[in-house]
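Asker: Build me a model from this:
(2 chains)
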Amino acid sequence: MTAIAPGTIPRSSPRGSAARARLLRSLLPALSLALVLIAIAWLNPRAISYFGFSLMLNLAIPIALATIAQMFVIAGNELDLSIGTFVGFVGCVTATWLKDAPLLGVIVLLGSIGVYALLGALIHLRNLPSIVVTLGMSFVWQGLAILVLPKPGGKAPDWLLALMSFKPPFIPFPIIAALVIAAVVHFGLMRTSYGVILRGSGGNPAALRRAGWSLLRTKIVLFALTGLFGVLSGMALIGITTSADANIGNGYTLLAIAGVILGGGEFVGGRVSPIGAVLGALTLALAASPLLTFMHIPPDWQVAANGAILIIVLAARVLISRRER
Amino acid sequence: MLKANTDIIRLNGAEKHFGAVRALNGVDFHVVTGECVGLVGHNGAGKSTLMHMVAGTLRPDGGEIAVRGNAEIDYSVARALKLGIRCVFQELSLCPNLSIAENTRINHPALTGLGWRRKAASLIAAKLDEIFPDHGISADDIAGDLSIGRRQMVEVARAFTVTRDPLDLVILDEPTSSLDAHTAGQLLAFVRRFVAAGGSCILISHVLGEVLQNADRIVVMRDGKVVATDAAKAFDRDRLVATMGGAEAREKIAAEIAAARPADSPVRVRARPARQEDGKELVARAGEIIGLAGLAGHGQTDLLLAIFAAATRRKPGIEVTAPVALVAGDRQSDGIFAQWSISENIGIRSLAQLRKGLLISPQREAALAEFWKQKIGIRTPDMTNNIFSLSGGNQQKALFARALGSDAQIVLMDDPMRGVDIGTKLEVYDLVREEAAKGRTFLWYTTETEELDNCDHVHVFKNGRIVANLTRDELTEEKIIQSSFGDAA
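Answerer: Predicted structure coming up:
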């Protein structure tokens, strides 16, 4: 920080407190994850082990990838309500064509990323609300998934099974995967020069247009990235579950949105955090079932309890944000 | 076209229509190398539209554009930037979620590759140091955390940074509207240096003194046409105002109001700033207009907001005895409901009066809006249009109508006239005095010293404290500056 001239003191102190509140808010995802971990350790100390983490965080990788996918559209002030069924569709393709006819499978998956890019273009050019478009698309993906795999079954390609059951020494695979995902996306979106443009398109689109950038292009890139991470999420999911079902990803839409918000993102204004989003996804994955099981909450009540945890954490975030004002 | 080679830009017969409205009606305009052109006119006279064309953000419906003598067929923002033409727009155009360095990157496609962050940070820091020494802004600050004045400083500095593209012409649209007198002076001095070094500049300002002192040539616009072009020396304030076609400029109206206001009218507001250590406090009686002066951001807004909050919930040190309304300064973020019509924007502060049973009566809302449309002169064909169909000055009028149409006896004004043309200002000043004569109390924070002439009392703020309390008779610009910069006694 440069030296502060005497005349400017009164303005710098509120700015300092805004920065402190933002720091607190960026620590919140880590704090909530730590809280959930402490609760688990207290309820069941044996869960805090290599094997325990491998088991508990098993499904965290696809959730984290889906959360990152959602984060890209949110960075551009849009929302994707189709990510869950899209993950399901990718899962069905992965468990059938990608194994039996790899070339066809790859083409279909790349094509689906292309569809996402086109959706971005459509939303920008026709100025359509993304909620409407993606809500419609969620039925399209669901229908396609049922066409590809009418009843549960199929089998994941062997290489994918091998990758997802990889057991590195000392640190469980899901944790390493989460670190890699967070680091790669953080670098790409927060540190590169084009990442600034992508985030800026959510912060002040008019300013970007005036500086000569194409908003069509930023929207296409953001949606294509969402498609890419949606594909990765679906593949990771099938690598863990080994077979697919057309409804397998349906819960991911809301989990992904909650993960982004839990991770310090905001619905508008281009304020997102890849690291926070991954932490949010891990928190949700842990709070979803391991914690509640350890608390002896019957499965019937787990969904409701999960929602209650979400409300508590998000309320804490709102309180901190209010102090920021 | 003898001087065509020294032209930076030339527009011939530029036209633009928005629906039925003719924003520009065949305008000829040019800027030559090493010249500062002042552009003045009322809001809605077509200045902004013309500048959007020069900057490439709007395409003309008719006429031609030539840059350095070459006709430009496919003129766009990207093309303008390549040719060294840039614009600082009136609406702040930083991305609030990005840091200052990142915001700089947005204007420089060349800032890529390894180490771009460091390059961007040093680029903007150096320019800020050059234009505004002692600015106190770090390149890592997030734009949204900065005060509106500092955001404007960053934006101006950013427009003058150079990487790959040349820099020949900078359009400054109301560059000082959110700056205090000190930083505005620094900026204008820099503009003079820039022009002396061979750059060109278009300066749009409603502070006519700034234009008269800093421009080489002045272009006056009215109703989408250029009505006068002459050397700045050929103009003086009166001629400028007369050419703009505004209401007669009014000199001090001291005697007019000072006339008869009993000193024992009831006290409406008694407030002491939170940081005040001595016994000074602000006392406002019914029918008084109280000015809050000093450099921007020295606690004036904080006090107004504290008074506003104290009207609904008791606060220590502040006593408020009547309903309060606030006219916000940052109208885009604090004042306007962007999705609503003009009528709804006016009616929101008066819902209790507009109610019929449990619902809001559309007739009463329309009647209130229509009354204020006539009274304050909001220029629109239909009050049910979206608020953004209005020009900036008329949006501000709608916000005044919201406050004055309500039951509030105390009206707080947070520098509401920034970026508003002089005609609108004079109309609003009249209205404020008229309402004060009827017994309303006004607390008026302003960064423009001229506006303080309307006030009965002026409190000068420094570092969150009241450092001087001047009556109208004692009020001079020197006194205010002296108190703003001097040590708090």
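
Asker: Give me the below-cutoff pLDDT ranges for the chain.
Answerer: Assuming you mean chain A. A:1-16, A:321-325 (pLDDT under 70).

Asker: The chain in question should be chain B.
Answerer: B:1-5, B:18-21, B:43-44, B:90-91, B:245-264, B:481, B:485-489.

Asker: chain center to stretch B:427-445: distance?
Answerer: Distance of stretch B:427-445 from its chain centroid, counting by Cα atoms, centre = their mean, to the nearest Å, is 20 Å.

Asker: Need the distance between the two termini of it.
Answerer: Length of stretch B:427-445, first residue to last, Cα to Cα, to the nearest Å: 18 Å.

Asker: can it be found next to chain A?
Answerer: No - figure legend: stretch B:427-445 not in contact with chain A (Cβ under 8 Å from any Cβ of the partner chain); closest approach 14.5 Å. From N, CA and C alone the C-beta is placed, and that goes for glycine too.

Asker: Return the set of buried residues in that stretch.
Answerer: Within stretch B:427-445, the residues that qualify as buried by neighbour count (16 or more other Cβ atoms under 10 Å in any protein chain shown) are B:427-429, B:431-433, B:435-436, B:440-445.

Asker: what about the closest residue to B:Pro96 other than its chain neighbours, is that helix, strand or coil?
Answerer: Spatial nearest neighbour of B:Pro96, excluding adjacent residues (Cβ to Cβ, 6 or more residues apart in numbering or on different chains): B:Gly144 at 3.3 Å. Per DSSP: H, G, I helix; E, B strand; the rest coil, the secondary structure class of B:Gly144 is helix.

Asker: Wait, B:Gly144 touches B:Ser99, no?
Answerer: No - with contact defined as Cβ atoms under 8 Å, B:Gly144 does not reach B:Ser99; the gap is 10.0 Å.

Asker: and the two? which has more neighbours close in?
Answerer: Neighbours were counted for B:Gly144 and for B:Ser99 using other Cβ atoms under 10 Å in any protein chain shown; B:Ser99 has more, 22 against 19.

Asker: For the more buried one, list each beta-bridge partner.
Answerer: Beta-bridge pairing of B:Ser99 under DSSP bridges involves B:Ile142.

Asker: For chain A, what's its nearest residue on the stretch 251-400 of chain B.
Answerer: Residue nearest to chain A within the stretch 251-400 of chain B: B:Gly297 (4.8 Å; Cβ to the nearest Cβ).

Asker: if I've got this straight, that residue is in a helix?
Answerer: No - remark: B:Gly297 does not belong to a helix; assigned using three-state DSSP, it is coil.

Asker: roughly how far apart are the closest residue to B:Leu399 other than its chain neighbours and B:Ala403?
Answerer: In space, and not counting its chain neighbours, B:Leu399 is closest to B:Gly335: 4.9 Å by Cβ to Cβ, 6+ apart. From B:Gly335 over to B:Ala403 the distance is 10 Å, taken as Cβ to Cβ, to the nearest Å.

Asker: Identify the contacts common to those two.
Answerer: The contact sets of B:Gly335 and B:Ala403 overlap at B:Val327 (Cβ atoms under 8 Å, 6 or more residues apart in numbering or on different chains).

Asker: Of the two, which one has the most company?
Answerer: The residue with more neighbours, out of B:Gly335 and B:Ala403, is B:Ala403; 24 against 20, by other Cβ under 10 Å.

Asker: How far off centre is the helix or strand where the more buried one lies?
Answerer: Following DSSP states H and E, one finds B:Ala403 within helix B:392-404. Centroid separation for helix B:392-404 versus its chain: 14 Å, with Cα atoms, centre = their mean.

Asker: tell me what the following helix or strand past that helix is packed against?
Answerer: Counting by DSSP H and E, the next helix or strand C-terminal to helix B:392-404 is strand B:410-414. For strand B:410-414, the packing partners by 3 or more Cβ pairs under 8 Å, 6 or more residues apart in numbering or on different chains; DSSP states H and E come out as helix B:300-310, strand B:324-327, strand B:441-445.

Asker: The next helix or strand after the last one: which residues count as buried?
Answerer: Elements were assigned by DSSP H and E; along the chain past strand B:441-445, the next helix or strand is strand B:457-462. Under the neighbour-count criterion of 16+ other Cβ under 10 Å, strand B:457-462 has B:457-462 buried.

Asker: Can you pull the residues of the stretch 251-400 of chain B lying near chain A?
Answerer: For the stretch 251-400 of chain B, the contact set with chain A under Cβ under 8 Å from any Cβ comprises B:295, B:297-299.

Asker: And the helices in the stretch 1-150 of chain B?
Answerer: In the stretch 1-150 of chain B, the segments counted as helices under DSSP state H, counting those that start in this stretch are B:47-55, B:77-82, B:100-106, B:116-131, B:148-159.

Asker: swap in the stretch 1-150 of chain A?
Answerer: Using DSSP H, counting those that start in this stretch, the helices of the stretch 1-150 of chain A run over residues A:9-43, A:50-56, A:60-75, A:83-95, A:97-100, A:102-125, A:130-148.

Asker: Which residue is the nearest non-sequential neighbour of A:Leu57?
Answerer: Closest to A:Leu57 by Cβ to Cβ, 6+ apart is A:Pro174, at 3.7 Å.

Asker: ok, the one you found touching A:Pro62?
Answerer: No - counting by Cβ under 8 Å, A:Pro174 does not reach A:Pro62; the two are 10.2 Å apart.

Asker: Looking only at neighbour counts, state which of the two leads.
Answerer: Per other Cβ under 10 Å, whichever of A:Pro174 and A:Pro62 has more neighbours is A:Pro62, with 28 against 23.

Asker: Please name the residues that touch that one.
Answerer: A:87, A:233-234, A:236-237, A:240, A:252.

Asker: What parts of the stretch 151-300 of chain A come near chain B?
Answerer: Within the stretch 151-300 of chain A, the positions lying close to chain B (Cβ under 8 Å from any Cβ) are A:191, A:193-194, A:196-197, A:199-200, A:202-204, A:206-213, A:269-271.

Asker: Can you tell me which of the residues you listed end up in helices?
Answerer: Residues of these located in helices (DSSP state H): A:193-194, A:196-197, A:199-200, A:202-203, A:206-210.

Asker: Could you identify the most distant pair in these?
Answerer: Spanning the widest gap among those are A:Ser193 and A:Ala206, at 20.4 Å by Cβ to Cβ.

Asker: Looking at the two, which has the bigger crowd around it?
Answerer: Remark: of A:Ser193 and A:Ala206, A:Ser193 carries more neighbours, 20 against 13, as counted by other Cβ under 10 Å.

Asker: Thought B:His108 was touching the more buried one, still the case?
Answerer: No - A:Ser193 is beyond contact range of B:His108, at 9.3 Å (criterion: Cβ under 8 Å).

Asker: quick one: contacts for the most centrally placed residue in chain A?
Answerer: Residue closest to the mean C-alpha point of chain A, counted by Cα atoms, centre = their mean, is A:Thr67 at 0.8 Å. For A:Thr67, the contacting residues are A:255-256, A:259-260, A:263, A:277-278, A:280-281, by Cβ under 8 Å, 6+ apart.

Asker: Not counting sequence-adjacent ones, nearest residue to it?
Answerer: With Cβ to Cβ, 6+ apart as the criterion, A:Thr67 has its nearest non-adjacent residue at 3.5 Å, and that residue is A:Gly259.

Asker: by how many degrees do the helix or strand containing the one you found and helix A:83-95 diverge?
Answerer: According to DSSP H and E, A:Gly259 maps onto helix A:252-262. Orientation check (axes from the mean of the first three to the mean of the last three Cα atoms, to 10 degrees): helix A:252-262 against helix A:83-95 gives 120 degrees.

Asker: the inter-axis angle of helix A:252-262 versus helix A:130-148?
Answerer: Relative orientation of helix A:252-262 and helix A:130-148, computed by the same axes, to 10 degrees: 140 degrees.

Asker: Now do the SS call for residue 175.
Answerer: The chain I'm using is chain A. Per three-state DSSP, the local secondary structure of A:Ile175 is helix.

Asker: actually chain B
Answerer: coil.

Asker: What does residue 318 show for phi and psi?
Answerer: Looking at chain A here, since you left the chain open. Reported as degrees, to the nearest 10, the phi and psi values for A:Val318 are phi -60, psi -40.

Asker: ah, no, chain B please
Answerer: When read as degrees, to the nearest 10, the backbone of B:Ile318 gives phi -130, psi 130.
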